[in-house]
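Novice: need coordinates for the below:
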Amino acid sequence: MKGKREAFHAKGYTVIELMLAIAIAGIVMASFYSVYISQQSSYVRQEKVAAMHQNIRSAMYHMGREIRMAGLDPTGKAGAGIVEAKEDLIQFTEDIQGVDKDDPPDGDTADSNENITYSLNDTDGDGDMDLVRDTGGGKMLIAENIISLIFDYLDGNGSITASLSAIRFVEITLKAVTDDGSSDRTMTARIHCRNL
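Specialist: From the prediction side, this is the model:
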């Protein structure tokens, strides 16, 4: 009879051994879950930062491209140039088309997309500021979650000027933030206005 009991005990595990194995497995699973959650939150954070970087680069590209062309006046009759130069707003004109989009420049800046203003505005009513482009026909959203927009106006020597006719460069400083406000980025660019 003793031999049968020993054989019975040799085949199975005790309750204590099972409890210990379950506890160890639970600890291992908890650590795996913790690593997974950490990696997931890191991924989400990096996605938000990447979106913010793309947002600010795109905004700087669009503004730079158009500000570079401020004052374009191929006919010499339009009087195009910088109309308003504030710290947080720029308004300029350029004669790039005629009455229709495909028409050549017509000597005035009254056509659509020829009187351009860049400024900050809460266009979508969500409480954060957005960079907008306004041509008189409505505001177009360029970039969301912009904390600040600063324009510095420089003359041909690189000195700050308040005279509209002396402006040759526009330095743009743009600061953006992620959707959740956890990270921000500042970008600065100096734009040479070729037609002024």
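
Novice: any idea which residue sits dead centre in this structure?
Specialist: Asn55 (2.3 Å; CA atoms, centre = their mean).

Novice: same question for the strand or helix carrying it, mean pLDDT?
Specialist: Per DSSP states H and E: Asn55 is located in helix 15-68. Across helix 15-68, pLDDT averages out at 95.

Novice: quick one: name whatever helix or strand follows that helix.
Specialist: Following helix 15-68 in sequence, per DSSP H and E, is strand 82-86.

Novice: relative to that next one, what are the paired strands and their orientations?
Specialist: strand 89-93 (antiparallel) (DSSP bridges).

Novice: export the strand it pairs with as PDB, just CAs?
Specialist: Provided in PDB are the C-alpha atoms of strand 89-93 (Å, rounded to 0.1, in the frame of the first residue of the first chain):
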ATOM      1  CA  LEU A  89       0.000  89.900 -38.300                       C
ATOM      2  CA  ILE A  90       1.300  90.500 -41.800                       C
ATOM      3  CA  GLN A  91      -0.800  91.800 -44.800                       C
ATOM      4  CA  PHE A  92       0.700  92.100 -48.200                       C
ATOM      5  CA  THR A  93      -0.300  92.300 -51.800                       C
END
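
Novice: which residues touch Ile160?
Specialist: Each residue near Ile160 by CB atoms under 8 Å, 6 or more residues apart in numbering is listed here: Asp152, Tyr153, Leu154. Where you see a C-beta, it was placed from the backbone N, CA and C, and this is true even at glycine.

Novice: from Thr109, how far off is the first one?
Specialist: As defined by CB to CB, to the nearest Å, Asp152 lies at a distance of 24 Å from Thr109.

Novice: who has more neighbours out of those two?
Specialist: Thr109 (22 against 15; other CB atoms under 10 Å).

Novice: per-residue pLDDT, that one?
Specialist: 86.

Novice: pull the contacting residues for it.
Specialist: Ala78, Gly79, Ala80, Thr93, Glu94, Asp95, Asn115.

Novice: the fourth one and Val83 touch, don't they?
Specialist: It refers to Thr93. Yes: counting by CB atoms under 8 Å, Val83 is a contact partner of Thr93 at 6.0 Å.

Novice: neighbour count: the two, which is higher?
Specialist: Per other CB under 10 Å, whichever of Thr93 and Val83 has more neighbours is Thr93, with 21 against 16.

Novice: so the residue nearest to that one when sequence neighbours are not counted, which of the three states?
Specialist: Nearest residue to Thr93, sequence neighbours excluded (CB to CB, 6 or more residues apart in numbering): Thr109, at 3.9 Å. What DSSP: H, G, I helix; E, B strand; the rest coil gives for Thr109 is coil.

Novice: how close does Thr109 get to Glu94?
Specialist: Counting by CB to CB - Thr109 and Glu94 are separated by 7 Å.

Novice: same question for Leu154.
Specialist: For Leu154, the distance to Glu94 - CB to CB - is 19 Å.

Novice: what do you get for Asn55?
Specialist: Counting by CB to CB, the gap from Asn55 to Glu94 is 25 Å.
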